[in-house]
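A.B. asks: Predicted model, plus sequence, below.
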Amino acid sequence: MTAHSPGPVTTAGSGPDADPEDWVAALSGGGAQQLAATRRLHALMLRAAGHQVSRMRAALPDDSRTTVDVIVNQAADEAMTALLAKLHTFEGRSRFTTWAYKFAILQVATDVRRLQWQHREVELRDLDLAGRPAPGHDGPEQQVEGADLAAAVAASMRAVLTPHQRRVAIALLVDGVPIDVLADRLGTTRGALYKTVHDVRTRLRADLAGRGYLPQSPGPTRDAVTPTGAGQS
């Protein structure tokens, strides 16, 4: 990150409504300059959130003006909080406003997904993939191979995954539950679920490769498969 020297912060224009020339210094400098920069940033977040909500409005279960206003304001506030917590990570590789815009866009997407799933039950189930219909194929030979691979994946899931890992994998990868929604329902974090999915993929890949269904990865595998009872990721 580029060092920011203390002292007065210049602006790209003149007057109280001008954007700071150095956003990071303005937002962390204190006093009237910080207050003005914070107000400018919040206005930017509102514009970004409003633009993104308008693009996703058709996906809202309730697209009334009241609901849209709530989403825009909530997303802007949460995006701003997230950005300020990561202000020290800004490296200046893009314009600050471009970097900030992404926080609002991602937050709107998260809030819209939560609304879509608000009244939908998330069922953590232990599914036998061998019992699911295989995807369509061009011919009977490919159909048999697809069914065989599905059965192999199901067998690997039973053999090398914990019940918790299987249920999380099925919710995210089979049922299509958004990861932030599942994190809310389970009282955990996206990071913890990402780690679970990573562990699931590592274990399944190693087991399927060992049984000849996938090519072996180059180099030694480091404890890719552990006993089922060895804790839950």
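C.D. replies: That came through, no problem. Residues are numbered from 1 along each chain as shown.
A.B. asks: need the next SSE after the longest helix that the chain contains, C-terminal direction.
C.D. replies: In the chain, with assignment by DSSP state H, the single longest helix is helix 31-56. Later in the chain than helix 31-56, the nearest helix or strand by DSSP states H and E is helix 65-85.
A.B. asks: which parts of that following helix are buried?
C.D. replies: For helix 65-85, burial by neighbour count (16 or more other Cβ atoms under 10 Å) applies to Val68, Ile71, Val72, Ala75, Ala76, Glu78, Ala79, Met80, Leu83. From N, CA and C alone the C-beta is placed, and that goes for glycine too.
A.B. asks: Could I get the average pLDDT for the following helix or strand past that helix?
C.D. replies: Once the chain leaves helix 65-85, the next helix or strand it forms, by DSSP H and E, is helix 96-116. The average pLDDT within helix 96-116 is 93.
A.B. asks: For helix 96-116, name the packing helices and strands.
C.D. replies: Contacts defined by 3 or more Cβ pairs under 8 Å, 6 or more residues apart in numbering; DSSP states H and E place helix 96-116 against helix 23-28, helix 31-56, helix 65-85, helix 179-186.
A.B. asks: surely Ser156 meets Leu204?
C.D. replies: Yes. Ser156 lies in contact with Leu204 (Cβ atoms under 8 Å); the separation is 5.2 Å.
A.B. asks: so what sits against both of the two?
C.D. replies: Common contacts of Ser156 and Leu204, defined by Cβ atoms under 8 Å, 6 or more residues apart in numbering, are absent altogether.
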